[in-house]
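Participant: This is a predicted model, with the sequence first.
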Amino acid sequence: PVLRAETGNLDDASDATLIFTAPMNMDVSQDVASLPDDLLAACFGQLKLHSLPHIARVCHHWRAAAQLAFASRLRWQQHAVHTRQLPLPVPRAPPITPERSQILRTGLSLTFLRGGDLAVQIVDGSASAVRTVCFPNGSSLHPKESMRPFGNHGPFTAGVGGIIGYRAASGEGPSGESMAFFPAMCGDGTASNSIRVTKGRWQNVLSAGHLVFLLRMHSHSWWLDKTITADVLDGDTGGIAAVDVTPLRDALRQQIVQFDPSSTHFTDDRPDCGAVSAADGHFIFHVSTEHGAKAAAALRLPAHIPSRGPDEPIHWADSWVTFACRWPATHAIAQMHSPAEKRCGEHLMLWDDSTFTVADHVGGSTGPVRARSHVDVVLLHAGTGAVVARTLFAPALGNLQGEVTDAFNYGGIAAIDYTSASGVVAACSQPRAGLPPPGLLIWDLESAVCLQAVLLHPPAPEPPLRRTGLVGGLTPLRLEIGTRVECRTGDAIWHRGIVAAHYVPRGRLGERPLPYLVHLERGDACFALVDHAEVIRAVDGREEVTWNSRTQAMQVAAHTSLSLHPSTPRLAVGMWRDGVAAGVLYSVDMESTQRASTLADPGR
């Protein structure tokens, strides 16, 4: 017999049906019941997770086959969630007297290697090195550490995410105007221990798997320049090649409709705002138009670039446009006006969590909730242009998992990730005082079912610190008048003083006032141009906070990274304090000896 699964409307699980095509002389009631589990599972796996309860009611045989079909997603639903803190070679809390460093931005990145080991990169300015800590299978308490010193590649002033890279200050150091890159992973999925240095200046620097895409400065306009070019650095070999980006620009321009080269303008729709992005092996440009449509195109980059000698010129490599598409204003991808982005393998994830706000109740804090928090997710495949859009709901506040939603409502989503191996999306809440484990939400992307909602640490007894808002669009500042601070006046130069005033006028009408006036111990004074720990910080070792404009509250000043294990229901969450080499790393394991036998209530 031929066993086939079909779904009528992919957005309506009630239309999911199983169709059996069999010879006329077949006894369907007996032969279908005797089909092996793996064959039934192959069929059931074509349906959505919503179908599991209906399939399970048919018979025990079908129930076992259905659990086999959906095993990769159901294992994320285990009730026993194990969390452990993994050891890092840096402190959890910032030292009372932080190390002074030439590095403006320290940071942490997480990458699960193809074999399942977790590689953690730490930019440690005090050690003048990038430290790589590798945890076998992502949870071992006995990691292996390697260190890549900055050496003669510095001094560095600014960093780039993904493959960690730092630009040397112009005219300083033996490398001059250049960038040094510290890849986390090689193209074969193993840990990298290389340092790649290349000279030049670029408009955008993007991580594309083991490649680094470096968009060259263009003279006038992306849309009007005759040619658009870029360099591509191979993190494995250190080779660098030039690619022509003009075909992508031209294909994208055609999608926006009716560009007239003779008059150098668009005669129908016009680009409104655009963004450059990347996925593994691809450069992506997506743009919103004045009419509300969305257009995007991707350029396939060379997979391997051989190394070259120091005197050899950069050669040109083949690249091609993999897709160029336009979506109308009614499409989900076009309705995301200012989405956040995450590179997820060959997918680019666009996501918007603007509905995660402090709960809006009717009739007081105990009244019904007006709107249910959710995150809108769009996955764009860089090789084909295929789009998958889902709205992923958080548990309702009245449910047992409502406290998890509460954790997300104060600040929204801190980090998010997707893995095509199991088809799940995971998100964690914003960091809290002391950096305890965050709240977690895990969804099955295909069906949008919430598989897991868990708060890994008891909720805070009180909401985040709130301060009175200021007039004129000014936000409350971190440091009160009279606080002893130190101010950065050079790459690695800090001077101590006392905050004397807030929001000091510049003296010119219409200019935004300066956040801080600081009286320095050496006898003079200085201004802090921005309210950030990289520029001004307290000297008493207090936990740094930052203003969250969405919640109108102060929250812990830390960045969060989240990464999903490629083959098991395990994830890693790292939280890194702003402006200092300090943070914490957690491994969260949902593997259980007893497989879940029921589907989570989709209404959670």
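Facilitator: Ah, there it is. Residues are numbered from 1 along each chain as shown.

Participant: give me the beta-bridge partners of the most centrally placed residue in the chain?
Facilitator: In the chain, the centroid-proximal residue (C-alpha atoms, centre = their mean) is Lys342; its distance is 3.9 Å. Note on Lys342: beta-bridge partners Met349, judged by DSSP bridges.

Participant: Touching, it and Val425? I think so.
Facilitator: No: with contact defined as C-beta atoms under 8 Å, Lys342 does not count as touching Val425 (9.9 Å). (C-beta placed from N, C-alpha, C; glycine too.)

Participant: anything in contact with each of these two?
Facilitator: Ile416, Asp417, Tyr418 (C-beta atoms under 8 Å, 6 or more residues apart in numbering).

Participant: rewinding a little: the residue nearest to the centre of the chain and Gly574, how far apart?
Facilitator: According to C-beta to C-beta, to the nearest Å, Lys342 and Gly574 sit 15 Å apart.

Participant: now swap in Asn409 and tell me
Facilitator: From Asn409 across to Gly574, the span is 23 Å (C-beta to C-beta).

Participant: Same question for Pro438.
Facilitator: Counting by C-beta to C-beta - Pro438 and Gly574 are separated by 11 Å.

Participant: hey, what's in contact with both of those two?
Facilitator: Thr560.

Participant: How about exporting stretch 45-62 as PDB, limited to the C-alpha atoms?
Facilitator: Provided in PDB are the C-alpha atoms of stretch 45-62 (Å, rounded to 0.1, in the frame of the first residue of the first chain):
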ATOM      1  CA  GLY A  45       5.800  13.200  10.400                       C
ATOM      2  CA  GLN A  46       4.300  15.000   7.400                       C
ATOM      3  CA  LEU A  47       1.500  16.300   9.600                       C
ATOM      4  CA  LYS A  48       1.700  19.100  12.100                       C
ATOM      5  CA  LEU A  49       2.200  18.500  15.800                       C
ATOM      6  CA  HIS A  50      -1.400  19.500  16.400                       C
ATOM      7  CA  SER A  51      -2.400  16.200  14.900                       C
ATOM      8  CA  LEU A  52      -0.700  14.100  17.600                       C
ATOM      9  CA  PRO A  53      -3.700  13.900  20.000                       C
ATOM     10  CA  HIS A  54      -6.000  12.800  17.200                       C
ATOM     11  CA  ILE A  55      -3.600  10.200  16.000                       C
ATOM     12  CA  ALA A  56      -3.000   8.900  19.500                       C
ATOM     13  CA  ARG A  57      -6.700   8.200  20.000                       C
ATOM     14  CA  VAL A  58      -6.900   5.600  17.200                       C
ATOM     15  CA  CYS A  59      -4.900   2.800  18.900                       C
ATOM     16  CA  HIS A  60      -1.800   2.200  20.900                       C
ATOM     17  CA  HIS A  61       0.100   1.200  17.800                       C
ATOM     18  CA  TRP A  62      -0.600   4.600  16.200                       C
END
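
Participant: tell me the mean pLDDT for that stretch?
Facilitator: Stretch 45-62 shows a mean pLDDT of 79 in the predicted model.

Participant: which parts of it are buried?
Facilitator: Leu47, Lys48, Leu49, His50, Ser51, Leu52, Ile55, Ala56, Trp62 (16 or more other C-beta atoms under 10 Å).

Participant: How far off centre is that stretch?
Facilitator: Distance, stretch centre to chain centre, for stretch 45-62: 33 Å (C-alpha atoms, centre = their mean, to the nearest Å).

Participant: for stretch 84-94, same thing?
Facilitator: Taking mean C-alpha positions (C-alpha atoms, centre = their mean), stretch 84-94 and its chain are 22 Å apart.

Participant: Repeat that for stretch 111-123.
Facilitator: Distance of stretch 111-123 from the chain centroid (C-alpha atoms, centre = their mean) equals 15 Å.

Participant: quick one: buried residues of that stretch?
Facilitator: Buried residues in stretch 111-123, defined by neighbour count with 16+ other C-beta under 10 Å: Thr111, Phe112, Leu113, Gly116, Asp117, Leu118, Ala119, Val120, Gln121, Ile122, Val123.

Participant: Please identify which pair of those lies farthest apart.
Facilitator: Within the buried residues of stretch 111-123, Gly116 and Val123 form the most distant pair, 24.4 Å apart (C-beta to C-beta).

Participant: ranges for the strands of the stretch 451-600 of the chain?
Facilitator: Using DSSP state E, counting those that start in this stretch, the strands of the stretch 451-600 of the chain run over 484-490, 493-504, 514-520, 525-528, 536-538, 545-548, 553-556, 558-564, 570-577, 583-589.

Participant: Can you give the strand pairings for the fourth one, parallel or anti for each?
Facilitator: Sheet partners assigned to strand 525-528 using DSSP bridges are listed as strand 514-520 (antiparallel).

Participant: tell me the phi and psi of the residue nearest to Asp124 when sequence neighbours are not counted?
Facilitator: Of all residues not flanking Asp124 in the chain, Ala581 sits nearest, at 4.7 Å (C-beta to C-beta, 6 or more residues apart in numbering). Backbone torsions of Ala581, given as degrees, to the nearest 10, read phi -80, psi 80.

Participant: isn't Ala581 right up against Val123?
Facilitator: Yes: applying C-beta under 8 Å, one finds Ala581 in contact with Val123, separated by 7.5 Å.

Participant: Can you tell me which of the strands of the stretch 451-600 of the chain is most buried?
Facilitator: Highest mean neighbour count among the strands of the stretch 451-600 of the chain (mean count of other C-beta atoms under 10 Å): strand 570-577, with a mean of 25.

Participant: I'd like the average pLDDT over that strand.
Facilitator: pLDDT averaged over strand 570-577 gives 92.

Participant: what angle do that strand and strand 558-564 make?
Facilitator: 170 degrees (axes from the mean of the first three to the mean of the last three C-alpha atoms, to 10 degrees).

Participant: just checking, what packs against strand 570-577?
Facilitator: Applying 3 or more C-beta pairs under 8 Å, 6 or more residues apart in numbering; DSSP states H and E, one finds that strand 570-577 makes contact with strand 107-112, strand 118-124, strand 558-564, strand 583-589.

Participant: Quick check: which element contains Gln254?
Facilitator: helix 246-256 (DSSP states H and E).

Participant: Now do the buried residues in that helix.
Facilitator: By 16+ other C-beta under 10 Å, the buried positions in helix 246-256 come out as Pro247, Leu248, Arg249, Asp250, Ala251, Leu252, Arg253, Gln255, Ile256.

Participant: ok, back up a step: any chance of the helices and strands packed on strand 570-577 in JSON lines, plus distance to Ser319 and mean pLDDT?
Facilitator: Below are the helices and strands packed on strand 570-577 laid out as JSON lines (distance: least, C-beta to C-beta, whole Å; pLDDT from 0 to 100):
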{"stretch": "strand 107-112", "distance to Ser319": "25", "mean pLDDT": "83"}
{"stretch": "strand 118-124", "distance to Ser319": "28", "mean pLDDT": "86"}
{"stretch": "strand 558-564", "distance to Ser319": "28", "mean pLDDT": "92"}
{"stretch": "strand 583-589", "distance to Ser319": "37", "mean pLDDT": "93"}
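
Participant: Compare those strands and report which one is nearest to Leu215.
Facilitator: Nearest to Leu215, of the helices and strands packed on strand 570-577 and by C-beta to C-beta, is strand 107-112 at 21.3 Å.

Participant: which other residues reach that closest one?
Facilitator: 118-123, 138, 159, 161-162, 164, 184-185, 559, 561-566, 572, 574, 576, 583, 585.

Participant: hmm, back to that, out of the helices and strands packed on strand 570-577, which gets nearest to Ala329?
Facilitator: strand 558-564 (31.6 Å).
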